[in-house]
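Undergrad: Turn this into a model:
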Amino acid sequence: MTVRVRFAPSPTGHLHVGGARTAIFNWLFAHRNRGEFIIRVEDTDQARSTLESESMVLGDLKWLGLEWQEGPDVGGPHAPYRQSERLAVYGAAAQQLLATGAAYRCFCSEEALEAKRKKAEEEARPPHYDLTCFRLSAQEVSAKLAAWAPFALRFHVPEDGDVTIDDLIRGAVTWRKESLGDFILVRSDGLPTYNFSVVVDDHDMEITHVIRAEEHLTNTHRQVLIYRALGWGVPQFAHVSLILGPDRSKLSKRHGATSVTAYADEGFLPEAMVNYLTLLGWSTPDGREIFGDDYAFENFSLDRVNSAPAVFDRQKLEWLNGQYIHDRSSAELRPLVRRFLETVAPDAWLDEAIDVVKKSVDRLTLFTEALRFVWHYDARAVSHSMDANFVTALLVEFDTHGAPKSADEFQLMIERLKKATGLKGKSLFMPLRLAVTGVEHGPELVRAVPLLESGSKVDPSIVSPRDRVAALARLLNG
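TA: Here you go, the predicted structure:
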């Protein structure tokens, strides 16, 4: 049997990190079992679903690096892959349930149903449907149909309506018949409910394993009953725990960014996001925290997925993202960093600039701040903290020997400055850093000074080390 799993997003906005984690688990499970990963769009919410949102969700999945074998954008043998285009499939299944008596027409209006719910609450009864339309005779049903009375299709919970599943993450889960009343399959406007359409789709698309969020666990009772009534095999279920914020409430916008796109815009790498989200609920067999797709494909299994909620730790995500940035070559990072830098500097020089600062950066957006000293220098602000004699000695050094272009030349410059100023250690390096870079903290001077010198030759907006010190000298010496 070929393993077939699916991710079924609702196209109502960008992909939430919780949905992304579910998609990743399905994708990894398919790879681990040499199976197939399908995307199906659940767009029957006509008020909120849009093709623009569908495009955004698929774009988010592609940014993460996920690939699928079937879907609305690639087609496949079980097309169409949008629920809004599958109404005829649902209609055929509904007719089958009507024919066998597993479902019946319900002519109760919304007002009548609301009155029934209120009465049940007043009498401290479960708000289950009271079977009014289930008890209608064939003649009464025919009369209502002849009068064009609108109706919904309602499923009748059978006497043997208890359900037990062996959840691949949670173990045995049981629901009793009494916990459920007869429920709607098709609304009066002809659109199927989630529980009905998802069963028809999963059967039609030959889904073998349903890996989804814990919030869908309560739907499983209804869905298994529909499978039974249609005489279809039931897939295996695995319900993934919720993702919580640091305060252990459900992750939401008040905890910060929650969409995949927002994290991309903040400068996170897709590989780091996939790595981190995979670890939210799944533990590696050897305890490692940083791994690529090949490792995850080989080792991912549902029996290592924890049923307890996972807490989203932004600091850990930033640390992990930093490891991926530090491990990438400057040439690989360059096109990503250019998105956040307003510069036309040549590739070769920008590669060097990225390499100089990347160990201090854990998000792509932070390259802008890390390299600010290159393009922004305020001699007047720096002059308030500088000694005129030191600045004069440094300017003489640059005018005599030029700015260093290598580590060896930098060391020779330091030795000459020690003799000229009598300073050493922090007393020498702090004013040197401030005079040349304009900031008190930054990358190693042995690399920063040559970077500024070479940059001034290729980008007219970069002021050379010598010209920076000369500007200081003019301010200090009047």
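Undergrad: which outside residues touch the helix or strand harbouring Arg468?
TA: Here Arg468, judged by DSSP states H and E, is contained in helix 465-476. Here helix 465-476 makes contact (Cβ atoms under 8 Å, 6 or more residues apart in numbering) with 377, 379-380, 382-383, 386, 388, 391-392, 394-395, 398-399, 402-403, 435-436, 438, 449, 452-453, 456, 463. Every residue, glycine included, has its C-beta placed from N, CA and C.
Undergrad: Whichever strand or helix holds Ala92 - what's its average pLDDT?
TA: Take DSSP H and E as the rule and Ala92 turns out to sit in helix 87-100. Confidence over helix 87-100 (mean pLDDT, whole number) is 97.
Undergrad: Just give me how far stretch 237-248 sits from the chain centre.
TA: Relative to its chain's centre, stretch 237-248 lies at 14 Å (Cα atoms, centre = their mean, to the nearest Å).
Undergrad: If you count neighbours, what's buried in it?
TA: By neighbour count on 16 or more other Cβ atoms under 10 Å, the buried set for stretch 237-248 is 237-245.
Undergrad: can you tell me the distance between the two ends of that stretch?
TA: 25 Å (Cα to Cα, to the nearest Å).
Undergrad: Equivalent analysis for stretch 152-160, please.
TA: Start-to-end, stretch 152-160 (Cα to Cα) is 24 Å.
Undergrad: Run the chain-centre distance for it.
TA: With Cα atoms, centre = their mean, you get 38 Å for stretch 152-160.
Undergrad: how about low-confidence regions in the stretch 301-450 of the chain?
TA: For the stretch 301-450 of the chain, no stretch has pLDDT under 70.
Undergrad: What subset of the contacts of helix 465-476 is buried?
TA: Buried among these (16+ other Cβ under 10 Å): 377, 379, 382-383, 386, 391-392, 394-395, 398, 403, 435-436, 438, 449, 452-453, 456, 463.
Undergrad: for the buried residues of stretch 237-248, which one is nearest Glu271?
TA: Ile243 (19.5 Å; Cβ to Cβ).
Undergrad: unless I'm mixing things up, the closest one is touching Ala308, no?
TA: No. With contact defined as Cβ atoms under 8 Å, Ile243 does not count as touching Ala308 (11.5 Å).
Undergrad: Show me the common contact partners of those two, please.
TA: Counting by Cβ under 8 Å, 6+ apart, nothing touches both Ile243 and Ala308.
Undergrad: what's the closest non-adjacent residue to Ile414?
TA: Nearest in space to Ile414, with sequence neighbours left out and distances taken as Cβ to Cβ, 6 or more residues apart in numbering, is Leu428 at 7.3 Å.
Undergrad: what angle separates the one helix or strand the one you found maps to from helix 465-476?
TA: Per DSSP H and E: Leu428 is located in helix 426-437. On the basis of axes from the mean of the first three to the mean of the last three Cα atoms, to 10 degrees, helix 426-437 is oriented at 100 degrees to helix 465-476.
Undergrad: From the contact counts, what lies against helix 426-437?
TA: helix 388-401, helix 407-421, helix 445-458, helix 465-476 (3 or more Cβ pairs under 8 Å, 6 or more residues apart in numbering; DSSP states H and E).
Undergrad: in the longest one, what's buried?
TA: Of the residues in helix 407-421, those scored as buried under the neighbour-count criterion (16+ other Cβ under 10 Å) are 409-410, 413-414, 417, 421.
Undergrad: Now these in a markdown table, please, with extra columns for distance to Arg86.
TA: Listed next are those as a markdown table, based on distance: Cβ to Cβ, whole Å:
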| residue | distance to Arg86 |
| --- | --- |
| Glu409 | 70 |
| Phe410 | 68 |
| Met413 | 73 |
| Ile414 | 73 |
| Leu417 | 76 |
| Thr421 | 79 |
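Undergrad: for those residues, which one is nearest Val74?
TA: Phe410 (54.7 Å).
Undergrad: Grab the nearest non-local neighbour of that closest one.
TA: Pro404 (4.1 Å).
Undergrad: neighbours around that neighbour, how many?
TA: 21 (other Cβ atoms under 10 Å).
Undergrad: So it sits against Leu451, correct?
TA: No. With contact defined as Cβ under 8 Å, Pro404 and Leu451 do not form a contacting pair (10.7 Å).
Undergrad: and Phe293, how many neighbours does it have?
TA: Slight slip there: residue 293 is Asp, not Phe. Asp293: 16 neighbours (other Cβ under 10 Å).
Undergrad: Glu444 now?
TA: So Glu444, with other Cβ under 10 Å, has 13 neighbours.
Undergrad: name the element the nearest residue to it once chain neighbours are set aside belongs to?
TA: Among residues not flanking Glu444 along the chain, Val356 sits closest, at 7.8 Å (Cβ to Cβ, 6+ apart). Using DSSP H and E, Val356 maps to helix 347-357.
Undergrad: Can you tell me which helices and strands that helix packs against?
TA: helix 330-338, helix 367-370, helix 445-458.
Undergrad: Please list the outside residues in contact with the shortest one.
TA: Think helix 367-370. With Cβ under 8 Å, 6+ apart, helix 367-370 has contacts from 267, 337, 340-341, 354, 357-358, 360-361, 442-443.
Undergrad: Tell me the most packed of the residues you listed, by neighbour count.
TA: Most surrounded of these: other Cβ under 10 Å gives Val337, at 27 neighbours.
Undergrad: Strands along the protein, start to end?
TA: Assigned by DSSP state E, the strands in the chain fall at 4-7, 36-39, 103-106, 152-155, 163-167, 171-175, 183-186, 209-213, 236-240, 243-244, 310-311.
Undergrad: Now tell me what touches the second one from outside.
TA: Counting by Cβ under 8 Å, 6+ apart, the neighbours of strand 36-39 from elsewhere in the structure are 2-9, 26-27, 30-31, 58, 61, 66-73, 76, 78, 81, 205, 207.
Undergrad: Next: stretch 71-83.
TA: By Cβ under 8 Å, 6+ apart, the list of residues contacting stretch 71-83 reads 38-44, 54, 58, 68-70, 86, 192, 197, 201, 204-206.
Undergrad: And for stretch 208-216?
TA: 1-6, 18-19, 22, 25-26, 29, 35, 168, 202, 235-242, 302.
Undergrad: next one: stretch 156-175
TA: 101-104, 134, 176-177, 180-183, 209, 217, 220-221, 224-225, 229, 234, 236-241, 302-303, 305, 307.
Undergrad: what does stretch 329-338 give?
TA: 269, 325, 347, 350-352, 354-355, 358, 364, 367.
Undergrad: circling back: need the contact list for the residue nearest to Glu444.
TA: Per Cβ under 8 Å, 6+ apart, neighbours of Val356: 443-444, 447-448, 451.
Undergrad: tell me the contacts of the residue nearest to Ile414?
TA: Taking Cβ under 8 Å, 6+ apart as the test, what Leu428 contacts is 414, 417-418, 421.
Undergrad: Between the two ends of stretch 67-79, how far is it?
TA: Span of stretch 67-79 from end to end, Cα to Cα: 17 Å.
Undergrad: Go ahead and measure how far it is from the middle of the chain.
TA: With Cα atoms, centre = their mean, you get 22 Å for stretch 67-79.
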